[in-house]
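>>> Would you be able to build a 3D model of this:
(chains A and B)
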Amino acid sequence: MAARAAQREARARALLLVLGGLYAAVFLALFSLQVVQGGHYREAALRNRQTRVRVPAPRGVISDRNGIALADNQYQARITLEPSRAREGEPVFERLLELLELPRELALQRIARARPGEPVVLVRHADPEDIAIVEEHRELLPHVRLTVQPRRRYRFGPLASHLLGYMGEVREEELAGGFYERGDLRGRSGIEAFAEPLLRGVHGSRVVEVNAAGHVVGELREGGERVTPGDHLFLTLSQPLQARLEELLEGKPGAGVVMEVATGDILAMASSPTYDPNLFAGGLSAADWAKLDGDPRTPMLNRATMGLYAPGSPFKLITAAAALERDRVRRGTTFEPCLGGWQFGNRRFRCWDRSGHGTLDLMGAIAQSCDVYFYQLIERLEMDELAETARRFGIGQPTGIELSTEEEGRMPERAYYDRRFGRRGWTRGVMLNLAIGQGEIESTPLQMVRAFAAIGGDGHLYRPNLLLAKQNLQGVREARLVRRSAEPVCSERVRAILREALVQVVEDVDGTGELARVSGVRVAGKTGTSENSQGEDHAWFVAYAPADHPEVAAAVLLEHAGHGGEMAAPVVGALLGTYFEWQQAAVRAPSDERAGR
Amino acid sequence: MSRTGALLVRADGPAVLAWAGLVLMGLLSLYSCTVDYRAAGEVVESTVSRGVFFSQLTWVGLGSLLALLALSIPHRHYETLAYPVYAVSLLALLLVFAMPDRAGTHRWISIGAFSLQPSEPAKLAVIFALARFLGSRSSRNPWFSVAGAAVLVLPPTVLVLLEPDLGTSLVFPALAVPMLFWAGVPALFLVALASPAIGAFVMFYGQQVLGSTWPWVLYIVAFLALLWFSRLYLLQSVLLVSANVVTGLSVPLVWERLKPYQQARILSFFSPGEADRLGSGYQSFQSKVAIGSGGMLGKGYMEGSQKGLAFLPERHTDFIFSVIGEELGLWGAALLLGLFLLLVYRALRIAMSAKKPFGSLVAIGVATYFAFQSLVNISITAGLLPVTGLPLPFISYGGSSMLASCLMVGVLLSIAARWSEV
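Have a look, this model is predicted:
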């Protein structure tokens, strides 16, 4: 009995020892967790429940040169309620209904449609009043949250759509930089794309407390990073002038450009047909995009910089310059009279006026745009000589405008024809077409206006500017630089002759450009009617005004519209007319804005 | 009533104190899980509803009644009913498979709105059966004792394992070991008996964590050497070695049977580097964060942020210790450990003083139950063991566990109250 008891005692002691040891071990482990590593775990607990939430930077506003906002941000505020409180009878819910005057039916519908566990969106687009009410009654409205989402807005709809560009979702490869998050929008074309780094600003952050489901339950006052809004960009455009140009181009496929001669600033640039970039701001469906992109009228193409057309008769100025510069011709030089056509080899080249112009000197030939004169003139030039002069005038050369893409066009030369047709595959006959701006020459309306601005201005090609200035939050403004070519397009002597001829085009009785006249202002310009394989001739008119001390140059191209003098010239005339009318008021920026001069 | 009170005190005052203390801590912790949390901006509602607390309160009430009932029954009746009760519990464990499953598991028997987990009271039934068997004279031979215990323990273990409920299934073998020891089986014998389990663990660790079977081979070689030098009888040596080999080789087979989430849980424990904090390592990690961040003094009753922000999904059931650790700190945890240790200690004393073997063995069984579950649950919560579901008696939310634990206390007190009478 005693032995058994002793045995029991021994065993009991053994068990107690083992168990005591185990409990002690657990206690030590807890000691380690709570005391030794306590700090580490306290931090981990904080990390668990505190997280950094991005505060998106407001995107920079894009305005015209005078500050009229063209692209800005609309803020969509949403008012949400925690799901557990989104029920009839709940005091917060009832209070919210009352304060915002929300129809009960609608609110209940929204609750029914909400995803389980997610805050219920009771107001999708809250107006400033609603926002103010919610802010004011914050204490009475726990579990109610105001979230704000920015949306790009193009205030004038399709106005300058090709220049402003549109927004699209960031692509997978763009997420790498760390700046964008999936689902973010960024500029995809136009200035929105070109100046994306300036417009997007720097995102900020705030530290919030979250529960295990990731829902924000509170915000900490400290630890956030301030937001840097995107820069305000001033474009060189004049919104009213742009609107006028687009109005004049309405319904006519084509393009128009107005450039300030002294600086290269683009005061207006439009392409027709156009589209509304607001369609993209909320996210475009694949179907809608396909519709736009696949539209045979190509509304998304900026014809001013991407449309390639044979320059037609305006190119005659360049042909003349090439010959004048090399003393192959003088202002008074005459050739065989124009009888409506010219025989070259076994081919007959026509003049646009079948009845013929008779005998003309260079002035007259330009003023009346006689093709036969130039067919004869070109015989005195080598192809590469013509090409060289054309290059100086910027044909076949990119302009460097602040857009991601532009067409260079083409100015053919010997090497080109050799490549295309083989050494023996072509004859000098092709030059006759080149002389009058037809054939394989391709140029954009922007290139044409730049060339003419040079003729009218100081003889240098100016780089076209779209961005006038950028301004940051502190108001510090940085203006663009004015850039021009090192070499003039031709000598002063030649330029003078060209200018005289251009005035005659518009002001002379026989001139082809009389429909471009503007009362009170002398306009100098050149009509063009370029043949093309797709249909009727394109109508060109390129000009500058006032003729003696030009302020602006303009070019208008109307696709398949027919005769330049009939169709394009009046448009330029109307445009210039408007410009000079408004000249006093909103069109021009103060002169101290221009840097570099 | 006062007679009952006197009975209680006479039975074992300290044990009753420990019981009451644990129940109180449990109710307080559970209540804390149901309160809303005050965050930086506003109040976060608790996802554990207040109803859970009231439910538990009901279980406490019922359990207390059951305990008093158990106390008032002379424990010799338990001996008589031991085997029948055991048989009934086996039937109940079989019955779960006839019930519709809940989330792929068959752990419950439901009658109307009322459901019970038979695996909980089965623990007491097994204790009874083991006590009856080991207490009878025929269990002098250690081999016979072990074999008999194995026969009694195996069915419930397997049935519970098939539910599946890995954690609970391990309780049954765990109950048997100290009871065998108490019944006179030599310790070394038990250790030798445990060698297959050790071998199995070596096989598992080698294969799944280290990627090779060589550790196990080495272990078998070492074991053979040990047997040679200890000069154990040939037959017994052969039996032991074959047992080791069998269990070792069956480890891969059992591993396959485990569900992927169970495999992942166990693996993530041993290879914490791979354990994604958001996957199977999530619970362990969050639990440690909760406890660790409690520090010495805790964050204050009802103030725990990890609990309040719902970072631990099982905080009112298996992981409730993390709430105590976070809110009451080390002192609260120590208090809890102390209360369990007190209860276990008293049970041991009762076992020592009980005249009849049955009562003594039952007391050991009850002590083992409380010690095993409390140590394992807290170790899991503290990140010392891989996660398997094992409730903390009196603290975790759950009716079946509360009732079973209260019954255990009642039976224990019954033994304590009458030892002098028999």
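>>> check contacts around the closest residue to chain A within the stretch 201-350 of chain B.
Proximity to chain A, evaluated over the stretch 201-350 of chain B using C-beta to the nearest C-beta, is greatest for residue B:292 at 2.6 Å. Placement of C-beta: from N, CA and C, glycine included. Residues counted as contacts of residue B:292 (C-beta atoms under 8 Å, 6 or more residues apart in numbering or on different chains) are A:33, A:34, A:37, A:38, A:40, A:41, A:42, A:44, A:45, B:325.
>>> which SS state does residue A:266 fall under?
strand (DSSP: H, G, I helix; E, B strand; the rest coil).
>>> what sits opposite it in the beta ladder?
Note on residue A:266: beta-bridge partners by DSSP bridges are residue A:259.
>>> so it touches residue A:402, yeah?
No - counting by C-beta atoms under 8 Å, residue A:266 stays clear of residue A:402, with 9.5 Å between them.
>>> Touching both of those two, which residues are there?
Counting by C-beta under 8 Å, 6+ apart, the shared contacts of residue A:266 and residue A:402 are A:465, A:466.
>>> re earlier: in the contacts of residue B:292, which two residues are the furthest apart from each other?
Farthest-apart pair in those is A:40 and B:325; separation 14.7 Å (C-beta to C-beta).
>>> Which one's more surrounded, those two?
residue B:325 (33 against 14; other C-beta atoms under 10 Å in any protein chain shown).
>>> Does that one touch residue B:296 like I think?
No - using C-beta under 8 Å as the test, residue B:325 is too far from residue B:296 to be in contact (11.2 Å).
>>> What is the burial count for residue A:198?
16.
>>> For residue A:100, which non-adjacent residue is closest in space?
What sits nearest to residue A:100 in space, not counting adjacent residues and going by C-beta to C-beta, 6 or more residues apart in numbering or on different chains, is residue A:130, at 5.6 Å.
>>> Can you say which helix or strand has the one you found in it?
If you go by DSSP states H and E, residue A:130 is part of helix A:128-136.
>>> where's that helix relative to the chain centroid, distance-wise?
How far helix A:128-136 lies from its chain's middle: 36 Å, per C-alpha atoms, centre = their mean, to the nearest Å.
>>> That one: which residues count as buried?
Of the residues in helix A:128-136, those with enough neighbours to count as buried (16 or more other C-beta atoms under 10 Å in any protein chain shown) are A:130, A:131, A:133, A:134.
>>> next one: phi and psi at the residue of the stretch 201-350 of chain B closest to chain A?
phi -60, psi -40 (degrees, to the nearest 10).
>>> and the closest residue in space to it that isn't next to it in sequence, helix, strand or coil?
Counting by C-beta to C-beta, 6+ apart, residue A:41 is the residue found nearest to residue B:292 once chain neighbours are left out, at 2.6 Å. Of the three states, residue A:41 takes helix under three-state DSSP.
>>> Show me where chain B has its strands.
B:37-38, B:43-44, B:109-111, B:114-116 (DSSP state E).
>>> Among those strands, show the one with the smallest mean pLDDT.
Of all the strands of chain B, mean pLDDT reaches its minimum on strand B:43-44 (a mean of 64).
>>> follow-up on the earlier one: out of the strands of chain B, which is closest to chain A?
Nearest of these to chain A, taken as C-beta to the nearest C-beta: strand B:43-44 at 4.9 Å.
>>> circling back to that earlier point, out of the buried residues of helix A:128-136, which is nearest to residue A:393?
residue A:131 (57.0 Å).
>>> which residues does the closest one contact?
A:77, A:146.
>>> in terms of contact, does residue B:328 touch residue B:302 like I think?
No - between residue B:328 and residue B:302 there is no contact under C-beta under 8 Å: 10.7 Å.
>>> Give me the more crowded residue out of those two.
Under the criterion of other C-beta under 10 Å, the comparison of residue B:328 against residue B:302 puts residue B:328 first, with 24 against 19.
>>> give me the low-pLDDT residue ranges for the stretch 201-350 of chain B?
Judged by pLDDT under 70, the stretch 201-350 of chain B has its weakly predicted residues at B:209, B:265, B:268-281, B:309, B:313.
>>> could you redo the last one with a cut-off of 50?
Where the stretch 201-350 of chain B drops to pLDDT under 50, the residues are B:273-278.
>>> Residue A:376 belongs to a helix?
Yes - judged by three-state DSSP, residue A:376 forms part of a helix.
>>> ok, and the closest non-adjacent residue to it?
Closest to residue A:376 by C-beta to C-beta, 6+ apart is residue A:335, at 4.0 Å.
>>> That neighbour in helix, strand or coil?
Criterion first, three-state DSSP; result for residue A:335: coil.
>>> Roughly how far does it sit from chain B?
In this view, residue A:335 and chain B are 87 Å apart by C-beta to the nearest C-beta, to the nearest Å.
>>> which ones are touching that residue?
By C-beta under 8 Å, 6+ apart, the contact set of residue A:335 is A:359, A:372, A:373, A:376, A:377.
>>> where do the helices sit along the stretch 401-550 of chain A?
Applying DSSP state H, counting those that start in this stretch to the stretch 401-550 of chain A gives helices spanning A:414-421, A:429-435, A:445-456, A:492-507.
>>> Of those helices, flag the one that's most buried.
Greatest average neighbour count among these goes to helix A:445-456 (a mean of 28), per mean count of other C-beta atoms under 10 Å in any protein chain shown.
>>> Can I get that one as PDB, trimmed to CA atoms?
Presented in PDB, the C-alpha positions along helix A:445-456 are these (Å, rounded to 0.1, in the frame of the first residue of the first chain):
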ATOM      1  CA  PRO A 445       0.100  72.300 -94.800                       C
ATOM      2  CA  LEU A 446       2.400  73.200 -91.900                       C
ATOM      3  CA  GLN A 447       5.500  73.000 -94.000                       C
ATOM      4  CA  MET A 448       3.900  75.300 -96.600                       C
ATOM      5  CA  VAL A 449       2.900  77.900 -94.000                       C
ATOM      6  CA  ARG A 450       6.400  77.800 -92.600                       C
ATOM      7  CA  ALA A 451       8.000  78.300 -95.900                       C
ATOM      8  CA  PHE A 452       5.700  81.300 -96.700                       C
ATOM      9  CA  ALA A 453       6.300  82.800 -93.300                       C
ATOM     10  CA  ALA A 454      10.000  82.700 -94.200                       C
ATOM     11  CA  ILE A 455       9.300  84.500 -97.400                       C
ATOM     12  CA  GLY A 456       7.300  87.200 -95.800                       C
END
